[in-house]
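Colleague: quick one, structure for this:
(6 chains)
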Number of protein chains: 6
Amino acid sequence: MLLHLSTWPEVEVYLQKSQGIILPIGSTEQHGPTGLIGTDAICAEAIARGVGEATQAMIAPTMNVGMALHHTAFPGTISLRPSTLILVIRDYITCLAQAGFSKFYFINGHGGNIATLKAAFSETYAHLEEKQITNASKVECQIANWFMCSSVYKLAKELYGEQEGSHATPSEVAITQYIYPEAIKQAPLSPEVPSGHKIYSATNFRQRYPDGRMGSNPALATPEHGKQFYDLAVRELSNGYWEFLNGE
Amino acid sequence: MLLHLSTWPEVEVYLQKSQGIILPIGSTEQHGPTGLIGTDAICAEAIARGVGEATQAMIAPTMNVGMALHHTAFPGTISLRPSTLILVIRDYITCLAQAGFSKFYFINGHGGNIATLKAAFSETYAHLEEKQITNASKVECQIANWFMCSSVYKLAKELYGEQEGSHATPSEVAITQYIYPEAIKQAPLSPEVPSGHKIYSATNFRQRYPDGRMGSNPALATPEHGKQFYDLAVRELSNGYWEFLNGE
Amino acid sequence: MLLHLSTWPEVEVYLQKSQGIILPIGSTEQHGPTGLIGTDAICAEAIARGVGEATQAMIAPTMNVGMALHHTAFPGTISLRPSTLILVIRDYITCLAQAGFSKFYFINGHGGNIATLKAAFSETYAHLEEKQITNASKVECQIANWFMCSSVYKLAKELYGEQEGSHATPSEVAITQYIYPEAIKQAPLSPEVPSGHKIYSATNFRQRYPDGRMGSNPALATPEHGKQFYDLAVRELSNGYWEFLNGE
Amino acid sequence: MLLHLSTWPEVEVYLQKSQGIILPIGSTEQHGPTGLIGTDAICAEAIARGVGEATQAMIAPTMNVGMALHHTAFPGTISLRPSTLILVIRDYITCLAQAGFSKFYFINGHGGNIATLKAAFSETYAHLEEKQITNASKVECQIANWFMCSSVYKLAKELYGEQEGSHATPSEVAITQYIYPEAIKQAPLSPEVPSGHKIYSATNFRQRYPDGRMGSNPALATPEHGKQFYDLAVRELSNGYWEFLNGE
Amino acid sequence: MLLHLSTWPEVEVYLQKSQGIILPIGSTEQHGPTGLIGTDAICAEAIARGVGEATQAMIAPTMNVGMALHHTAFPGTISLRPSTLILVIRDYITCLAQAGFSKFYFINGHGGNIATLKAAFSETYAHLEEKQITNASKVECQIANWFMCSSVYKLAKELYGEQEGSHATPSEVAITQYIYPEAIKQAPLSPEVPSGHKIYSATNFRQRYPDGRMGSNPALATPEHGKQFYDLAVRELSNGYWEFLNGE
Amino acid sequence: MLLHLSTWPEVEVYLQKSQGIILPIGSTEQHGPTGLIGTDAICAEAIARGVGEATQAMIAPTMNVGMALHHTAFPGTISLRPSTLILVIRDYITCLAQAGFSKFYFINGHGGNIATLKAAFSETYAHLEEKQITNASKVECQIANWFMCSSVYKLAKELYGEQEGSHATPSEVAITQYIYPEAIKQAPLSPEVPSGHKIYSATNFRQRYPDGRMGSNPALATPEHGKQFYDLAVRELSNGYWEFLNGE
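Modeller: This is a model prediction of the structure:
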């Protein structure tokens, strides 16, 4: 059930049977010479909608822009500052909690969002308890990173080994190819690309990782792989959502 | 050209020929018993993409959530506070301006966003000049409200007269029916609905406008009307974008 | 009844018969080669006091400084950022609402304040409802721009036609001449002055409008005109205030 | 020279001979059963203008509202939070410093403003140096409290002894009587009023000081005293301003 | 009783007999060629613990970093901005007030903290009353500056006369020598050092006071003096704490 | 080398040979019936000083209070909000970076700090690049959690197995016993304590984990274990610091 295609009376009915909601969050950031700038949002949205179909959960509109300050030396990247994103999350949850939602399941497509999301949850719990709204202390938020699903991780290792890398990975590129086959991009890729996980300032990032990739070879991606990753992520996160709802 | 389906080198190429970008902004808010909660984002996104096709402009990801605090007494509404939205706009423009964009054309689907957007532009101009980034003083932002296009306004008056109202209007509902015919909703609508433009607190809003509509009769909407409105808005805003780029 | 010339027990008595208050808000900004930097505050204050005499309304101290960032490339301009002004308005209304005021009528002398004031009202309604103070949901704010009064607008067109312009207008200069005849300034004015409404950064503003005027000829102003404008504005806004109090 | 009655070219001329500006700051707060709510702003403004005449200094518009949170349990009080006032001061000084002013002399009428003003100055110095504006490191701010002038203090002790108290004092009331003889208020005053300087929350303040006075007997005030205080303060602060300009 | 060496059940027991807590606050800032960067925190912590032993009061962890922006042109200085420090104080007091503490006694080692602390207290009282937590209006904060104790001041004058100065004073250096005899530093000190109290920007400060001292001769300090100062401050502030608890 | 026991000229000398600094950060929060409220700060400070001795690194004053909002339903806990802690970290690093430090190694004693610290680093990198200070893009921050050292983790598993738990763990309690043997606390501990890692609001936390422990049995801790953990952590983090300095 997609929130943006629902009416408010439909939401009212939904809330009588469930207080759960899934919020897809991505990023708008460079993904190397061939990866789409919207990769993280595309993956999060597609998987979230798949989970929504499997679980009948309400799906909020996708947060297209996240915390990607370290990518801002590449054109096309848009990032919120962590302090801004914290306020955005607080505002989202406050509105939805006042309406009766209490279980917030963030399906996340971008590693760079994780820390700020966790900080935002802490900030928000305190904000809601301070506001003394009904059931404030029952609000629970969880991050579900599709790329950290064990089934996804296993397949990526099988298909790509070390060439999965850690940014502009073939697995995420594959999902975007599956979703948008008309937007598959080609570009020459240096066979040797710096790997590692060190991330500091935007300038430093571009110096370390000149074409935007971190140890990955996205040329290995195919739309068929994308479907496999998509299916695995949907299955694993659907279970994750049920467990979250049930408080396990 | 959709930013989220582009790569960063493609953005780099684009910037050599244009510094303009179109940012669709909507809202996630109740639209009466039959209007979709995503109405404002759906309209803004669809029209922005139409304008993008007509003008070859870069289209940023849609801002799905805007300033809709007055609708938050209805479930399903998500709103940023004005102070949060100002920071979001500042962050978006700062990132894009650093990359070389200087003409920001916001195609807006929600009247409630206008004041905060204008405030955000002022805040951002000062922020950029303070940062002393190259060409800071050349950054220009403009709001283009599709529902205020004169051609749109004229057609709405012809088709609906006074029943156009000012929220959950048949014109915006018609566009969503055109875009998402599978999501056309039916519900009994009281023939008499409060009209007026007074908007204060969320509680007050729901008391004044009990089912969420403001003087409108969305039952008059049809997908065919929606296509007409869409075409008019795309044409008028495409011209508006060209004029904006040319500094007229 | 002027708040600054009242005692707190007098305010207590006033609140037993009315919960309305008028807040004059202006700006401290360049008004071309002959216009006073305090023009917007002077006009707002004078008209607000006139309305106060006509309606027995409580008049708050004048907010002398508003949102005039686009004028800051001219010396003497003082501006709050929109984000600051939002906090200022929130603080004002919170204090007064806790004391029992609920109808806030802002008599405004500066177009550049409008967007931020509207954003501030939305922010404040949510803040008050969050605080759960008594009658939070009854708080109502309204902007009354004296220069948009239909009677004022009509007279300006009659007297000045196109030379009214949109900043440093003869109508506002006339009112300041009526209030402060001792401060009428003379300076050579280029007969041709750029018109238009485009406003972006402060640097851009000064480039577009080199002497600070926007299409206006303030040399046409006279103190006698000023009295006429003053009288019209006081009459029209007094009616506006009564309607606002009565919820019309 | 009053900023609000000047034009921007006049300010430009002024800046060629002086970079000093005087900013009157008061408060809008209860002053006991007979003291005017605007007392602090009235005194600061009148004295600042007197100093301006004596020294030819530029006088900014009066900041009517300051930090008076502890008075907000009495109706009519309007206060900024310290965090808001810090931003306001930062915005004022930033605008004026960019225009070329560097010596900011705050003539202050309210003890409750002092701490926040000092904090604001520190915040602003760092902000300006961070912005790297020309001469940022030359900006100097000083608070001049008229009620702490030694000549004023001495006269108050002579005239009133212990009955000067520390809020709603006869000396400040006397000045308002001198400035606004038409607004002299009468009310029965309990001969015994709590004294002391302890100030905590607003609720606590009203419990400790039930009619708003702190150890003072404003019934002793006369307009003639007011003139004496005014003259002393103007003389002493004019000297203070000259010394400040000369860096002594 | 040291909070950091207590368990939460011990705090629970403590709160049954007292709602008072002592918070040492210092600074991390240059103290001239021989003074320790931690001087203000070292003194505040040592004296606070002495007072804690004398009064059985709970002692919070030392706030090592305060408001020292004016010292930041010297390496090793760390400062919060006033706006940050206000939030820190608000967060501390809010947590402790929710747990039941209501009397907050700040033993302060740095003059530069005073204004911001006072501003923070005002901000916090309003925040707590807004939150409507139990007993919000009973929260009371007080600053106790050890270096302003009359007994300390008197001894400093006796021992050092004018050479006490106002920053990097022999009295504060003496206390650090008493606490950390192993960290007594030697360096050539110019016999003539600028005195005065003027403090503006960081750059300005270093220009005025090139080696960081303000009129002081810390070479006069001895550990024996330090013990004397320590004993006097502990005695005087212990009495001050009792009076504060008793509401005198 | 301890910053608080150094003078500014000593810091100047240090900076000529190293731009690294170690910042211990802990928390002030409940640690079950027997754990000290200062546990996380005590461990971080002790280990940081050990690393400082081993590496000759500069050690900043300990940040005693971190992000522990979820523990605030237990008395004695003090927490910053994430948004406050971000500002604190920004202020610290900005001051130190301006002085010439560029390698910031945070030795952290509290899992709840990690997310906010990472968010703060991102915020700060962008802030420094925006300020355009010299070498802004060279600033690098790293978190080193002593309790995640592989050698520490291995020993904890050997000594305690599952009873290590995840809060108020015997390993951290052991270190505090080693550092403060005089403050070893005894209290009856239920043999069965809820385990798991779920953390939401403060109220929820106390409901889930009634005595504050999360699956741990701190009764197993001994001072001798503490010394072992301390030695392992110092060795491993000393190596980590060298690697960080060398950019590995």
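
Colleague: what does chain A put close to chain E?
Modeller: With CB under 8 Å from any CB of the partner chain as the criterion, chain A meets chain E at residues A:130, A:132. The way it works is simple: take the backbone N, C-alpha and C, and place the C-beta from them, glycine included.

Colleague: what about the helices in chain A?
Modeller: Ranges of helices in chain A, per DSSP state H, are A:8-17, A:39-55, A:82-99, A:114-131, A:150-160, A:170-179, A:202-208, A:223-245.

Colleague: out of those helices, the one nearest E:Gln207 is which?
Modeller: helix A:202-208 (31.9 Å; CB to CB).

Colleague: and that closest one with chain F, contact?
Modeller: Yes. Remark: helix A:202-208 sits within contact range of chain F at A:202-204, by CB under 8 Å from any CB.

Colleague: may I ask which of those residues has the most neighbours?
Modeller: Of all those, the highest neighbour tally under other CB atoms under 10 Å in any protein chain shown goes to A:Ala202, namely 24 neighbours.

Colleague: residue contacts, it?
Modeller: A:Ala202 makes contact with A:69-73, F:125-126, F:129, F:137, according to CB atoms under 8 Å, 6 or more residues apart in numbering or on different chains.

Colleague: try 6 Å this time
Modeller: A:Ala202 sits next to A:70, A:72-73 when contact means CB atoms under 6 Å, 6 or more residues apart in numbering or on different chains.

Colleague: residues from chain A in reach of chain B?
Modeller: Within chain A, the positions adjacent to chain B are A:3-9, A:11-12, A:28, A:30, A:33, A:36-38, A:61, A:64, A:72, A:74-76, A:78-81, A:84, A:87, A:91-92, A:95, A:99, A:183, A:185 by CB under 6 Å from any CB of the partner chain.

Colleague: can you tell me the residue of chain A closest to chain C?
Modeller: Closest contact between chain A and chain C, by CB to the nearest CB, is at A:Lys131 (5.5 Å).

Colleague: that residue - nearest residue in space that isn't next to it in sequence?
Modeller: Spatial nearest neighbour of A:Lys131, excluding adjacent residues (CB to CB, 6 or more residues apart in numbering or on different chains): C:Glu130 at 5.5 Å.

Colleague: that neighbour - how many residues pack around it?
Modeller: 17.

Colleague: what pLDDT does it get?
Modeller: pLDDT recorded at C:Glu130 is 87.

Colleague: find the closest residue to chain E in chain A.
Modeller: Relative to chain E, the nearest point of chain A is A:Glu130 (5.6 Å; CB to the nearest CB).

Colleague: any chance of the residues of helix A:202-208 next to chain F in a markdown table, plus pLDDT?
Modeller: Shown next, in a markdown table, are the residues of helix A:202-208 next to chain F (pLDDT from 0 to 100):
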| residue | pLDDT |
| --- | --- |
| A:Ala202 | 96 |
| A:Thr203 | 95 |
| A:Asn204 | 95 |
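
Colleague: rebuild those as JSON lines, extending it with distance to E:Leu155.
Modeller: Formatted as JSON lines, the residues of helix A:202-208 next to chain F follow (distance: CB to CB, whole Å):
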{"residue": "A:Ala202", "distance to E:Leu155": "55"}
{"residue": "A:Thr203", "distance to E:Leu155": "54"}
{"residue": "A:Asn204", "distance to E:Leu155": "53"}
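
Colleague: of the residues you listed, closest to chain F?
Modeller: So of the residues of helix A:202-208 next to chain F, ranked by how close each gets to chain F (CB to the nearest CB), first place is A:Thr203, at 3.6 Å.

Colleague: list the contacts of the closest residue to the closest one other than its chain neighbours.
Modeller: Leaving aside its sequence neighbours, A:Thr203 sits nearest to F:Ser137 (CB to CB, 6+ apart; 3.6 Å). Residues near F:Ser137 by CB under 6 Å, 6+ apart: A:201, A:203-204.

Colleague: count of neighbours near the nearest residue to A:Leu2 once chain neighbours are set aside?
Modeller: The shortest distance from A:Leu2 to any non-neighbouring residue, by CB to CB, 6+ apart, is to A:Ile59 (5.2 Å). By other CB under 10 Å, 25 other residues sit near A:Ile59.

Colleague: pLDDT weak spots in chain A?
Modeller: Chain A contains residues with pLDDT under 70 at A:248.

Colleague: CA atoms only: put stretch A:144-164 into CSV for me.
Modeller: Presented in CSV, the C-alpha positions along stretch A:144-164 are these (Å, rounded to 0.1, in the frame of the first residue of the first chain):
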residue,chain,number,x,y,z
ALA,A,144,17.2,-2.2,7.2
ASN,A,145,20.1,-2.0,4.8
TRP,A,146,19.2,-4.1,1.7
PHE,A,147,22.9,-4.4,0.8
MET,A,148,23.7,-5.9,4.2
CYS,A,149,21.2,-8.8,3.9
SER,A,150,23.2,-12.0,4.3
SER,A,151,21.6,-13.5,1.2
VAL,A,152,22.5,-10.4,-0.8
TYR,A,153,26.0,-10.3,0.6
LYS,A,154,26.6,-14.0,-0.2
LEU,A,155,25.4,-13.7,-3.8
ALA,A,156,27.6,-10.6,-4.4
LYS,A,157,30.6,-12.5,-3.1
GLU,A,158,29.8,-15.5,-5.4
LEU,A,159,29.3,-13.3,-8.5
TYR,A,160,31.9,-10.7,-8.0
GLY,A,161,34.4,-11.6,-5.3
GLU,A,162,36.6,-8.7,-4.4
GLN,A,163,35.3,-6.8,-7.3
GLU,A,164,32.1,-6.0,-5.4
